[in-house]
Structure formats: structure tokens, C-alpha cells
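A.B. asks: the following block contains a protein sequence and its predicted model.
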Amino acid sequence: MKIVVPVKRVVDYNIKPRVKADNSGVDTQGVKMSMNPFDEIAVEEAVRLREKGAASEIVVVTIGVAEAQPVLRTAMAMGADRGILVQTDADLEPLAVAKLLKVIIDRENPGLVVMGKQAIDDDMNATGQILAARLNWPQGTFASSVAVEDGRITVVREADGGLETVRLALPAVVTTDLRLNEPRYATMPNIMKAKKKPLETIAADTLGVDIAPRLEVVSVVEPPVRQAGIKVSSVAELVGKLRDEAKVI
Amino acid sequence: MSTQIEREEMEFDVVIVGGGPAGLSAAIRLRQLMPEATVCLVEKGSEIGAHIVSGAVIEPRALAELFPDWQERGAPLKTPVTEEKVLFLTGKRGFSIPFIDKLMPAMANHGNYVVSLGEVCRWLGAQAEELGVEIYPGFAAAEPFIEDGRLCGIITGDMGVNREGEQGPNFAPGMILRARQTILTEGVRGSISQRVMKQFNLRQGVDPQTYGLGIKEVWEIPAEKHKPGFVQHSFGWPMDDGTYGGAWLYHFGENLVSYGFVTGLDYSNTWLSPFQEMQRLKTHPEFAKHLEGGRRLIYGARALSEGGFQSLPRLSFPGGVLAGDSAGFLNMPKIKGTHTAMKSGMLAAEAVAEALGHEGPCEATSYTRRFKSSWLFKELFEARNVRPAFALWGNRLGALYAGIDSLIFRGRAPWTLHFRHTDHEALKPADQCKPIAYPKPDGTLTFDLTSSVFLSGTNHEEDQPIHLKLRDPSKWLPVNWNIFRSPESRYCPAGVYEALEENSTMRLQINAQNCVHCKTCDIKDPTQNIDWCVPEGAGGPNYPVGM
């Protein structure tokens, strides 16, 4: 079975994102970028499935600028076999990403797609679901455990009230939650090997997909700065302040 | 690190430790001279540039020797210096020192550029990779690899060791990177460089190294206030006459301002906080007027070497060489270390290339000879008496001496002043020092430590051994607390050290996760009791371009 793992290049999780002075978006100029942490979990899970014998080939795909290539190399250093960069400078929404991924998946014909449940930059949590719908495949989202057996995949989902176990027929789309696994380190010899693995670049505009945005960003602002707290000397004072100043009771 | 671990080995002609200007210049020069040589560069930051902190006004001299066509290649030196001011500050006013270019020609910045050194290093890294250097960011050199009395490479840090020191589920053992020659360019107080200097006795007969702590912020200011290429330095307030320190403020890039403060780590008052000095100087009218209406984007800190010529160790040893601030090539009176770091890296590479041409193990001894016949030697030699004059006679007389040394002797005075003690010996007990009352942060110009460290993008994998250790934990209470009142809780610019009261006794809490890798604690602890080990690779600050 072949597994396709879509990965996204995002502002590194250690970086405090900075809103552009004109409030048009987040400034990514010169900021450290790396693989979306949920996608790292997806790569790790795919590698583990291959190590268990449930998969034979892992293809990582990313969509974005030429500088997104290192993200594919990282995935290949973790164990993916080859990479595909669908190159575009456009800002993409989940719908456009899902459409482009569908073209790649139709071509690659995998038995399973594993991807992060959301990207930490826009927190959309939509691409996996839209992709499953457009492929007309079953989906198991927020996976905290997966097992492949007899052409089916069992996914334990982190639902709101607890854990939900679903069994899906393959091919299917699985999106990964935080507790699924802890990704391995890319070791130096594996980073070296990854430099020699095949990486294909496809221009997004050759795929015949309408990727025009459907949403308009009105304004991006930083969260308001939290006001400093005060110390009160008695319960009566606390109640008084909550009622008269904060007006919450 | 346990020795029972089975380690994989990789072999290179040359291993370079540290991806700053010295290491990258050495890597580039090596491949220019020997396109066949295998050159591997390891960098503990998550990417090249992630741990780089500098002002920075740089002199393009060394870069032009490395790449005569640097401008066509698009090196990010985009803001030439256009206007320069040196101020002596009192609490309320600033006095501009006239004719600084005549008085101290070495300080003049005509022809220099204001840059983000992190950006320059990223560019150098790309050039090096194009020339075939193998660069591995996120891999820390944890140990020197010594065989038969000779440095034969380094061992990278183990990954995935838990807090208790046991191997976690993702444990990946460090590797031996074997090299015919190893170039150490870790920057100030590199942990391998320190061990190698000790092992091979490289500091014998030279002055102790003296250091400074630079703390920096990058601001974005309104476009109408921005004067690209404006460069300002100050001395005087808020330092007293016996404490060495000064500030810089540079306008560069797109509406960016680099502001920072260097405190000489030979300060004696244990109550001094370099961070608070740096914060309060921003309220001085000569600095506030530049920053008001702007917003702070980045924060970071790094120690720098100030000793210069007299403090340089022996540069080569069996199996390797020291370059950049690992050796201490910064030119303090000039307030510049990038061109000297690059030049020393290039000279080291030339000597290493020559050594590689010989059969069998050898030492790149021609490095010292090459250094002595270079402009780098002349520059550091002529600057040698300025910093010790400040250390010996204080700021006013020191400045006077510096003027005379420069104007009359042109740096060629027939004597050499010396550093008498190490920085940690300079600290005085708390009861002999005057406490300093620092103002509270106002939240617009001045800030607290926590919100500052947040802007350095610092992180360390949580479940790993504490990388800052007390060699003897029982010393802290009687020495650090009872005598000095926990100076580490004030000199650390990242809030790593906290003296906490618990059951009516004091204890030291070490928040190693905040560490920005500045190395000040390794330098200034009064009994040298703090051991700075490299944490897991990719940990530490993540300074963006602009820093």
C-alpha cells in the first residue's frame, strides 16, 4: 500500500507570530519556517505503518513556494521515500489545497492519506475533511491511534466527550491529533540520504484547478494585551470590584 | 555522556563547529582552496542564524576578500552608514563628541554597513552550501573527540534523553564526526573550545579573557522617523565611572532600529543588572526620541570577548584550530567583531588546507604565522591598550588614555597594558556594594524580563537533562546567596536563575528552558560553579532575520 502524506510549511511553533504593520496578515519575512507539527505526526505514523509492514511506499506532498522544499527533505529524512512540491506563490485556502491534493492523489493512487488535523498557522481544520469529501473516501479525523488490518483501518478519534473508535474501508483519509505519536529525530545519516531521494516539482497552474480565494481577509490584529491584576484585601472588596468595576456579577 | 553507547561514525577532511561568520567563512575558504575536501559544519541552532546576535555595523573588508563580487552575489549589506554620532550621556543630556573620525579614526564608520548579522550568516550559509559544504543545523557538538593526544573531531549530542538522563523512546545517540582537522568557531566561551584550551594548555602566558554582555532589541519605528544608516553610540550614564558599558542605536532595513547595550562583565557591583541597565537607558531623551511610537519585535543576548590581542590563546593545536570569538578576535575599541571573525576563519582555513596537504596527522601551525603577517594582527595590535586602560583607570581616564593612544601613538605605544584578573574575580560581596534601584517597566519603552525572553523565540525540548548545572550545589547558599545575594538572578538576561525562599531558607531555581545561550553564567559565576553544557540540538533562541 502506498501512503500519501500532505505536509505544510508554517511559521515555526517556537516563534511568536508578528502581525504586519498594515494589519494585512502575519509577517513571515525572514521568520523561521518548519513543518506543521501535526503533519510531522502524520509522517511519523506513515513511517510506523511501513515499519509494521502495512505500507510499502510513502510519498510526501507540499503545496507552496520553492522554499517549501526543505520541509519535504525533513519528511524524507524521517523516512518518506519521495517528495512532490506543487509550486505556487498564491495564498491558498483549504478548498484550493484539497482540490490540488485530489489531482495528485488521483495520479498517485494511494491506499491511505495521513495528514495533520490542522495547520498551526491558520488553524482551519478543514483540508482533510474537504479532501475526503472530494475524493468520496471515508475519513477518520483527530486520530489518537490507528491500525491497518485486512483492507480496513481502525481509527480512535479524540472526540469532544471522549474517544470514539471508527473502522473505515480503505482508501481513506486520516487526520492526526497530538497524542497519536511522538515524531522521531531526523538523524545526520538520514538527512544525508534524504538529500538524494527524488523530489518532483509540479507547477500548480498546470493542474487545471481553480485555486482563487473565496474568502476576504478584512483585518488581522494581535490579541489585546492582558491587563495587570490587582490584589484585594477582603472578600467584600473582591465582590465589590467584580460588581461595580468589572460588572460581571 | 555515557561511554557505553554504540556510536556511528562519519568521516570528513574537516569538521567545523559553529555556523557564525568565522565558521562559515572558514568553510567557504576551504572549499575555494580545496574543492575536493569534505567539509562538514555543525550548528546547535535550529537553523543558520538562529543563535546570532550582533549590533551590527560591519566592515566589508574580509567579505570582499572572501567574495570580491559580494555585491553582485547579493550579500545582504543593504544599509550603508550615512550619519554617525558618539554621545557622552549624563542622566538628562547627551554631549556629542566632535571630530570622532579625526580623534579615533578606527571608530569611524564611513564605508561600513548596518546589517542583520543573522541575515548575513544565512546568506553565507547558502553560499557555503552552493560550494559543497555540508551544513547540519540542529546538531550540537557536545564533546571533543580526542584520540592519542590529538583532537580527531567531535561527538554530537544525544537526542531524546529524558530529564533523569535515561534514554527515551525516541533516543538517537550522538555520532562521532571524525576529522583530519577540526575548526572551532563556537563563538564566545564555546564549550568545546574551553575544554580544548585546557587540554592543550593554549592559554598559557596570555592575559585572562575579559567579556561583555550584549543585550539587544530590534524595533520597528514609524517610517517618518526612520533615517537609514544613522548610527549612534553612547557611553557614560547609566554606568558609573568604574563600570564599562555603552549603548548602540542603528537605523537599518525597512523602518527597523537595532538598539542594544553592552555591559563589561568585569563589573564589581553585585546588584547590577545588565538587563535593567539596558532597559532604563531607553528612557534617555537621546534614545527615547528614536524609539517612541515604535514597537519592539525581537529580543536577544550574547556575551562577547573584549580582551583582544593580549587575551588571544595559542591558535593551533594537534588536530585543530580556534577562530572567531572562540579565540577572541573581536576588536573592542572598534566595537566590531564580524570582519575579524571572518578574517580569522579564512586564515585558519588557509592553514588547515596547507596541513591537509601533508600526509598523516599534523598541526596547522602556519595559522599563527599567517595571522601575524595579516592586517588582522596589525589592527588588533594597535587597538590593544584601549580596553585594559578602561579596566585599570575607569571610564573617564580610560577614554582620555584611548584618545592619547590613538592620536599620539597611533596604537604603537612602546608598552602593552594588561588585564589583571578574570571577570568573575571582580565581583564584590553584597555588603560592600551600593544597591541599585531600577525603575519599573512602563510597557511602551521599557519591559520586564519575561515578555522580553518571549521575543527571542527560545525553546528547549522540555523533557531533557538540565543543561545548566552547579558543579557543587552546596556552594550556592554560603557563597552565591550569603555573600553575593545571587548575582546570577540579575546578570542572566533570560531569567534562568531565580533565588526562591522555601521553608525560610533560600534555594536556587534553574529555569534552563529560558536559556538564550549567552554564556554569561559560565563566565561570571563568582566561583565558576555553573557548568554550561550544550542542550539538545535545535534548542535555544530562534532569532529571525533582522537580529
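C.D. replies: Structure's in. What do you need? Numbering: from 1, shown residues only, chains lettered A, B, ... in the order given.
A.B. asks: do stretch B:135-150 and chain A meet?
C.D. replies: Yes: shown here: stretch B:135-150 in contact with chain A (C-beta under 8 Å from any C-beta of the partner chain) through B:Tyr136, B:Phe139. Using the backbone N, CA and C atoms, a C-beta is placed for each residue, glycine as well.
A.B. asks: quote the end-to-end distance of that stretch.
C.D. replies: 24 Å (C-alpha to C-alpha, to the nearest Å).
A.B. asks: quick check: chain neighbours aside, which residue is closest to A:Asn207?
C.D. replies: Not quite, residue A:207 is Leu, not Asn. A:Val103 (4.7 Å; C-beta to C-beta, 6 or more residues apart in numbering or on different chains).
A.B. asks: for that neighbour, phi and psi?
C.D. replies: Note on A:Val103: its backbone torsions stand at phi -60, psi -40 [degrees, to the nearest 10].
A.B. asks: now the one 4 residues further on
C.D. replies: Comment: the main-chain dihedrals of A:Arg107 come out as phi -80, psi -40, following degrees, to the nearest 10.
A.B. asks: which stretches of chain B aren't confidently modelled?
C.D. replies: B:1-3 (pLDDT under 70).
A.B. asks: can you name the residue of it nearest to chain A?
C.D. replies: B:Val545 (2.5 Å; C-beta to the nearest C-beta).
A.B. asks: contacting residues for that residue?
C.D. replies: Counting by C-beta atoms under 8 Å, 6 or more residues apart in numbering or on different chains, B:Val545 touches A:Gln29, A:Gly30, A:Val31, B:Gly49, B:Ser116, B:Gly118, B:Glu119, B:Arg122.
A.B. asks: equivalent analysis for B:Phe252, please.
C.D. replies: For B:Phe252, the contact set (C-beta under 8 Å, 6+ apart) comprises B:Lys78, B:Thr79, B:Val114, B:Val115, B:Ser116, B:Pro228, B:Gly229, B:Ser258.
A.B. asks: for these, which one is nearest A:Lys196?
C.D. replies: B:Ser116 (33.0 Å; C-beta to C-beta).
A.B. asks: report how many residues lie close to the nearest residue to B:Ala430 once chain neighbours are set aside.
C.D. replies: Excluding its sequence neighbours, the residue lying closest to B:Ala430 (C-beta to C-beta, 6+ apart) is B:Arg485, at 4.1 Å. Residues contacting B:Arg485 under the criterion other C-beta atoms under 10 Å in any protein chain shown number 18.
A.B. asks: phi and psi next, for B:Arg485.
C.D. replies: Torsion angles, degrees, to the nearest 10, at B:Arg485: phi 60, psi 50.
A.B. asks: how many neighbours does A:Ala96 have?
C.D. replies: Neighbour number of A:Ala96 under other C-beta under 10 Å is 22.
A.B. asks: and A:Lys196, by the same measure?
C.D. replies: 8.
A.B. asks: what do you get for B:Ser489?
C.D. replies: Count around B:Ser489 with other C-beta under 10 Å applied: 18.
A.B. asks: contact partners for it?
C.D. replies: Going by C-beta under 8 Å, 6+ apart, B:Ser489 touches B:Tyr497, B:Glu498, B:Ala499.
A.B. asks: isn't there a helix covering it?
C.D. replies: Yes: checked against DSSP: H, G, I helix; E, B strand; the rest coil, B:Ser489 lies within a helix.
A.B. asks: quick one: it and B:Lys428, what's the gap?
C.D. replies: 17 Å (C-beta to C-beta, to the nearest Å).
A.B. asks: ok, for the residue of chain B closest to chain A, nearest residue in space, not its chain neighbours?
C.D. replies: A:Gly30 (2.5 Å).
A.B. asks: name the residues of chain B found near chain A, please.
C.D. replies: Residues of chain B lying near chain A (C-beta under 8 Å from any C-beta): B:8, B:10, B:46-47, B:50, B:116, B:119, B:134, B:136, B:139, B:156, B:159-160, B:169-170, B:172, B:175, B:220, B:255, B:297, B:443, B:454-455, B:457-459, B:542, B:544-546.
A.B. asks: same thing but at 7 Å, please
C.D. replies: Residues of chain B lying near chain A by C-beta under 7 Å from any C-beta of the partner chain: B:8, B:10, B:46-47, B:50, B:119, B:136, B:139, B:159-160, B:169-170, B:172, B:175, B:220, B:297, B:454-455, B:457, B:459, B:542, B:544-546.
A.B. asks: for PyMOL, write a command that selects the buried ones of these.
C.D. replies: Here is the PyMOL command that picks out the buried ones among those, judged by 16 or more other C-beta atoms under 10 Å in any protein chain shown:
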select buried, chain B and resi 10+46+47+50+119+136+139+159+160+172+175+220+297+455+457+459+542+544+545+546
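A.B. asks: restricted to helices, list the residues of chain B next to chain A.
C.D. replies: B:Glu119, B:Phe454 (DSSP state H).
A.B. asks: counting neighbours, what do you get for the residue lying closest to A:Ala204 once chain neighbours are set aside?
C.D. replies: The shortest distance from A:Ala204 to any non-neighbouring residue, by C-beta to C-beta, 6+ apart, is to A:Thr88 (3.6 Å). By other C-beta under 10 Å, 20 other residues sit near A:Thr88.
A.B. asks: related to what we said a few turns ago, identify the farthest-apart pair in the contacts of B:Val545.
C.D. replies: Most distant of the contacts of B:Val545, by C-beta to C-beta, are A:Gln29 and B:Gly49, 13.7 Å apart.
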